[in-house]
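Novice: okay, here's the prediction I keep looking at, along with the sequence it came from:
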Amino acid sequence: MGTSVQVTPLCGVYSENPLCYLLSIDGFNFLIDCGWNDLFDPNLLQPLAKVSSTIDAILLSHSDTLHLGALPYAMKHLGLSAPVYSTEPVYRLGLLTMYDHYLSRKQVSEFDLFTLDDIDSAFQNVTRLTYSQNYHLTGKGEGIVIAPHVAGHLLGGTVWKITKDGEDVIYAVDFNHRKERHLNGTVLESFVRPAVLITDAYNALNNQPSRRQRDQEFFDAILKTLRADGNVLLPVDTAGRVLELILMLEQHWAQHHLTYPIFFLTYVASSTIEYVKSFLEWMSDSIAKSFEHTRDNAFLLKHVTLLINKSELEKMPDGPKIVLASMASLEVGFSHNIFVEWATDIKNLMLFTERGQFATLARMLQANPPPKAVKVTMSKRVPLVGEELRAYEEEQNRIKKEEALKASLSKEEDLKASHESDANLGDPMVIDTNNTRVSSDVTGPNGGGHQDIFIDGFVPPSTSVSPMFPFFENSSEWDDFGEVINPDDYILKEEDMEQTIMRFGGDLDGKLDEGSANLILDSKPSKVVSNELTVQVKCSLVYMDFEGRSDGRSIKSILAHVAPLKLVLVHGTAEATEHLKQHCLKHVCPHVYAPQIGETIDVTSDLCAYKVQLSERLMSNVLFKKLGDHEIAWIDAEVGKTDSGMLSLLPLSTPPPHKSVLVGDLKLADFKQFLASKGVQVEFAGGALRCGEYVTLRKIGDASQKGGGTGTQQVVLEGPLSEEYYKIREYLYSQFYLL
Amino acid sequence: MTSTGPAPSLKRRESSVTREGDQLIITPLGAGNEVGRSCVYMSYKGKTVLFDCGIHPAYSGMAALPYFDEIDPSTIDVLLVTHFHLDHAASLPYFLEKTTFKGRVFMTHATKAIYKLLLSDYVKVSKVSVEDMLYDEQDILRSMDKIEVIDFHQTLEVNGIRFWCYTAGHVLGAAMFMVDIAAVRVLYTGDYSREEDRHLRAAESPQFSPDICIIESTYGVQLHQPRLVREKRFTDVIHSTISQGGRVLIPAFALGRAQELLLILDEYWSNHPELHNIPIYYASPLAKRCMAVYQTYINAMNERIRNQFANSNPFDFKHISPLKSIENFEDVGPSVVMASPSGLQSGLSRQLFDMWCSDKKNACVIPGYVVEGTLAKTIINEPKEVTLMNGLTAPLNMQVHYISFSAHADFAQTSTFLKELMPPNIILVHGEATEMGRLKQKLITQFADRNIKIMSPKNCQSVEMYFNSEKMAKAIGRLAEKTPEAGETVSGLLVKKGFTYQIMASEDLHVFSQLSTANITLRISVPYSGAFGVIKHRLKQIYESVESLPNEESEGPALLVHDQVTVKQESESHVSLQWSSDPMGDMVSDSVVAVILNITRDIPKVTAVAETAKTEDAKTAEKVIHALLVSLFGDVKTGEEGNILVTVDGNVACLDVKTGEVDCENESLKERVRTAFRRIQSAVMPIPFSVSS
């Protein structure tokens, strides 16, 4: 009987929420992807928390937050502890992405959902695989083989193929069939008739313009701004699609000898590019080829300057420039700050290359028409000075004493200690003890009395589970297009706001950004100062699709080609999911599922199968006919048993007659050519093929529909009794194999 | 009896065919009982794989090639190259461009990138006449387009041959290939090392044990010193030489081990600031170019170097400067020069050797395996004199040290590797005959209690093995709804793809494969203006089953003949036939058409013609029978009542033509005549009259 397969979405169905699914194969639980959004909302992970202890293995498919962002948190707080599998780039770039997120968050808030150590330890146990590597699981998963395959979209992006007993379960989300500058297209199309295919509906309703046209518009928009003395901001991800953009700009700049500076600004920009340079074997054939021939590494960037610090950007000479900065959501990171600075100048351009995550600043700005003004929170981390510093040091001393006291206590006491002390144990590695201490004190249950070290700008209540920006607390005022705005409010406030910016730019900026990354990593006591302000969006906003995902039409044709026996749809708006479901029901296969969160669907194949041995005697009498990759023959056999109790097939002395089978795929257009080459007059007339004077050939039914329906082509050949009729019948037969 | 006669012989032949298919042949075309020109041919079940494609460094021109004329290059499906060394890859451009080879070639990314550099250099450096040139730069460039890349552990399938590769240590990008043809696995190690060094990983242990292991035996039964000891000897020799004001020459192959030595030297120099004024030159025209490759494929190296990579690229050497040629070299004091080629045959290393060999302050450190027949091999034995390139002899005063860093497995590594794998068949290649012989003996004693065959074929000597693979098929779909018991029958389509078999119902074919089935409906209209009843009547005379189909409104009467062909009256002047195509249906329809056409003709005339035909036939038959009997027996007369009298040696046999009875006194003649007549009759009139009438 078939292998039992169940799918339970934990997050990311009927919405654009992060991806996280539970796939159970004969009782072995795979967690496929472990995504989070840029807002790091722990509520999204509740379904995962319920099952995290039962997970046996985790498969990661892409290196962005949506696919692996929750891994450190889930490992730390939700009891997830299974081995993780991913490709080398997903591992490495995923790690960098998480670092970048952490550093960006830490810079503007007392971020305590996970620490750098948590990220490191979460990624410590990743088993790295190469494409098409068949990895045989052992232990509980004995018999299961997992293999990553090229997905496109992001570097190292993976389509997972999970095989048990010859049945394939394929997980393919965010794939791209098109070959890009740095990536090959997906190999999804090479899988035919898997038992189960899990795929996303994210792009089901999107159709893309041609690449050339899109690229042209992209450069036009950028150059227009630059020539008009404006700056261009591209909010990008840390180490994913940005690579394609960098390569595009790099090549275009080289081709056209442009001199406008390009900056790539994330906390990990230089190490990202350094690692990417060593991932050539994961990139497109053309990049590999050019390296083999000339040893020119495509990511040896000549026009793009890598920055890890905003102050370095400010040191650069004035004048039009392009900045690629993370995060794409504009929620945090350098892009957030740069946006606030540049949005007010009509000359500037915000060029979005991907759809912003739901309910983020980027998404609001992508609304049509874009909002005229948005409320943002500017937060800065400043070193403690004067009174505060003294209070803090006193506090530290007190803690140290306490710790010394604690250390002298018995072991049982230690075990009883809250996670506060756990955080302590993990601390000495990278990050300073002080910062963590402050944050855990604030939110920890025993925290209590040190709030006096904060100034009034940002004081998360000690009861708060997730100290987010105060910004999010306003979220109730949003509608689909972002915040509900009363323009009148802003006219009055404009002056204030400009003053605020002035103040930021004048008084604090230079000092604060100095070594912002260092600030986080060194042990100087610091605090976060937040400031809410409203930004008039005067710059131009443009969105172009550089997400590198297959568009709706391609998805449909790929699905029709792959033709899974069962199809599970996840990740995509309710509308897109429903649309794709209806389409697939009609054109792909009759078993299409789109489960809700927490709903377990059973996609065990109702396929019956048993294994038999083909006896030598039988095989010596079988004559195969070759059809492409396949060889095919009709057999009549008697079932016998071998010594080991295996079923074996023996030849039958008197084979019974069987209905003959015609194998072959008749394409009327090809057949027309064939007949013409044989000197028969042929033409299409009313959907049928007229051969010679009287004979007509027709195909009945929709043969293009695979999976569902009959699947057998119906061909009708009509005509009067004549020599021609028999001749054409001969030609027709020659197109098939008779078995 | 006669019909069953040929069957056994046919079977014998067929079984011998399958036996041939189960035969696995392995033939070294090079590197059999020698080191150099690695090339091993393997064939099983009609699939052919070639491992490596090297040249022999001690020979030049065609003589350096493996024995390609032993095989037909056009039959090779896959060519797998383990690493970029000349003795493993350098005949590839020749094989790809100058032979009929049309299969596919695979190597790892790093190997491919270095392959081009190395071979271009080889073409430039090797000073042979144009006729002796095996290939030129253009051939190498063209070969680059044909070479495909494979990543470690990536499983590929070509034409039913599945293969993947493991890390082999040895040099950057070196791979061990595992080939799986119809579940028989062959591991080809190429050159491998189980010892992790400064930048490379140790060879992996494959997760599956192969059926055959083709393994290198370069170092035979020798044992390496521990790596740290060797490194210390190496640095000590260099340090003492330069502190005495001498020069150190390290003849090394441009790529591979050279990088390891540079890492050692760079580190040593960093730790010894007093040496900073002594220059280290890496004198290879490839030096700079191949560094980019080393700086890129960091992921093929070990954890240690990858961790260093997180800080800075360890291949950015701080104390080593490149040296383009001897003209750029200012020989003004102590220095360390690493130069190629490793064998001191010619080139920069030889030029420096000639300059330095007579000064006893200088030293030459030979850091790796040296091939038989090269100068480097000669000086290891420290002769008194050497011949310089200009033909003069000079005293050999410089110190010669042999400290092997060549990452080949030693005996300890080989035997633990084989113990882990326990392959039932071991084939030794890539080793000098004596070393190989010793290794073979030692392995035989070591595995004496196990059933392990160890072979060391010479070049062109084939090893034949038989594998009885059981063919397993998976019955799926409708056909497999119920698992059959013994004795039941299974009928369906057997679909073979690669080496996997599936059995399925024809209706399921499109579900489980990309093939589709078709039904052809044939409809033909025949002019007929007679009564429809006549057709029915005539068909009933021929076919058992002729049924009238229920009449539908406004449609003419219809018949179903033999459950296959529908005959329908379309109009006054036409009937139509409709059937679904298959051989039986086609046949029935043809006969129905014939019947309908016959009806329209004049019936009596038809019978008359048939009768005359019959009588004529009978007369002819009689004549033929008579003639044949004459040829057999000689004296044959026609007697009364159509009887035939056969006279042989005075005995007379009377043959009754109608019954076939023979009347004769001599029993043997009687039997002979009767048998002869029966055979003649069955030949002349295969269908007895009784049936036809």
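Specialist: Arrived safely.

Novice: can you name the next helix or strand after the least confident helix or strand in chain B by mean pLDDT?
Specialist: The least trusted helix or strand in chain B, going by mean pLDDT, DSSP states H and E, turns out to be helix B:6-21, with a mean of 41. Downstream of helix B:6-21, the first helix or strand assigned by DSSP states H and E is strand B:23-30.

Novice: who are the packing partners of the following helix or strand past that next one?
Specialist: Moving toward the C-terminus from strand B:23-30, the next helix or strand (DSSP H and E) is strand B:39-44. Packing contacts for strand B:39-44, counted by 3 or more Cβ pairs under 8 Å, 6 or more residues apart in numbering or on different chains; DSSP states H and E, involve strand B:23-30, strand B:47-51, strand B:184-188. (C-beta placed from N, C-alpha, C; glycine too.)

Novice: let me see the mean pLDDT of stretch B:568-587.
Specialist: Across stretch B:568-587, pLDDT averages out at 84.

Novice: buried residues of the helix of greatest length in chain A, list them for me.
Specialist: Counting residues, the longest helix found in chain A (DSSP state H) is helix A:386-408. By 16 or more other Cβ atoms under 10 Å in any protein chain shown, the buried positions in helix A:386-408 come out as A:388-389, A:392, A:395, A:399.

Novice: again with stretch A:623-633
Specialist: For stretch A:623-633, burial by neighbour count (16+ other Cβ under 10 Å) applies to A:627, A:630-633.

Novice: excluding chain neighbours, what is closest to the residue of the stretch 51-200 of chain A found nearest chain B?
Specialist: Across the stretch 51-200 of chain A, no residue is closer to chain B than A:Q133, which sits at 3.8 Å (Cβ to the nearest Cβ). Of all residues not flanking A:Q133 in the chain, B:H153 sits nearest, at 3.8 Å (Cβ to Cβ, 6 or more residues apart in numbering or on different chains).

Novice: please apply the same query to B:P314.
Specialist: Nearest non-adjacent residue to B:P314 (Cβ to Cβ, 6+ apart): B:Q308, at 4.5 Å.

Novice: state the distance from that neighbour to B:R227.
Specialist: To B:R227, B:Q308 is 18 Å away according to Cβ to Cβ, to the nearest Å.

Novice: sorry, back to before: and the buried residues of helix A:386-408 as a markdown table, adding distance to chain B and pLDDT?
Specialist: Putting those into a markdown table (distance: Cβ to the nearest Cβ, whole Å; pLDDT from 0 to 100) gives the following:
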| residue | distance to chain B | pLDDT |
| --- | --- | --- |
| A:E388 | 36 | 81 |
| A:L389 | 33 | 83 |
| A:Y392 | 33 | 82 |
| A:E395 | 35 | 84 |
| A:I399 | 32 | 85 |
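
Novice: how about those residues, which pair is most distant?
Specialist: A:E388 and A:I399 (16.1 Å; Cβ to Cβ).

Novice: got a list of what B:P557 touches?
Specialist: B:P557 is in contact with B:532, B:548-549, B:551, B:568-569, counting by Cβ atoms under 8 Å, 6 or more residues apart in numbering or on different chains.

Novice: what's in contact with the helix or strand in which the residue nearest to B:P314 is found?
Specialist: Under the criterion of DSSP H and E, B:Q308 resides in helix B:303-311. By Cβ under 8 Å, 6+ apart, the residues outside helix B:303-311 that reach it are A:271, A:274, A:278, B:196, B:198-199, B:298-299, B:314.
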